[in-house]
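Colleague: Have a look; sequence and predicted model below, questions after that.
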Amino acid sequence: MGFKHFSLASAMLAAVLLPHVASAALGEPEATVTDDVQQLKGSVKSMQRSNYRVHEIQLPSGTVLREFAALDGTVFAVAWSGPAIPNLRQALGRYFDVYAAAAKVKHAGHRHLEVQQNDLVVQSSGHMRAFSGRAYLPQSLPAGTTVAELR
């Protein structure tokens, strides 16, 4: 395994081993976004779109974590980009175990991981200091929202 392949595998393993903390995780109420900001020691900028809100959390590592909340207050997607993978146990919440199981299974690319189920899609890719990904609940996307917007 080359160094770049090792770095993504190491980062995914670290994300699996990080402790669980309360958060505005996927499928949960957005009311706890402030808990995320405090737990992650980040700063938040919130933006209103026509059919959802985006809470963009800037982490000390330089990574940006975005939480997408429907107008009913439910987090229907999360996305990240930056030099480090955020705490995915926190961001994915109850869906984390599905992601972790997929990460353990051998797959074609070491730089890309995709979980595609009826109720959950997770796409993660990257290499050292350049990671990105998104997770969303297809059945919960607000009307008129495209997957391309979730970045």
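Modeller: Here it is on my side, so go on.

Colleague: Return the helix or strand in the chain with minimum mean pLDDT.
Modeller: When the helices and strands of the chain are compared on mean pLDDT, DSSP states H and E, helix 3-17 comes out lowest with a mean of 44.

Colleague: Downstream of that helix, the next helix or strand is which one?
Modeller: Sequence-wise, the next helix or strand downstream of helix 3-17 (DSSP states H and E) is helix 33-40.

Colleague: by contact count, what packs against that following helix?
Modeller: Judged by 3 or more CB pairs under 8 Å, 6 or more residues apart in numbering; DSSP states H and E, helix 33-40 is in contact with strand 43-48, strand 52-58, strand 64-70, helix 88-92. All C-beta spots, glycine's among them, are computed from the backbone N, C-alpha and C.

Colleague: what mean pLDDT would you report for the shortest one?
Modeller: The predicted model gives helix 88-92 an average pLDDT of 90.
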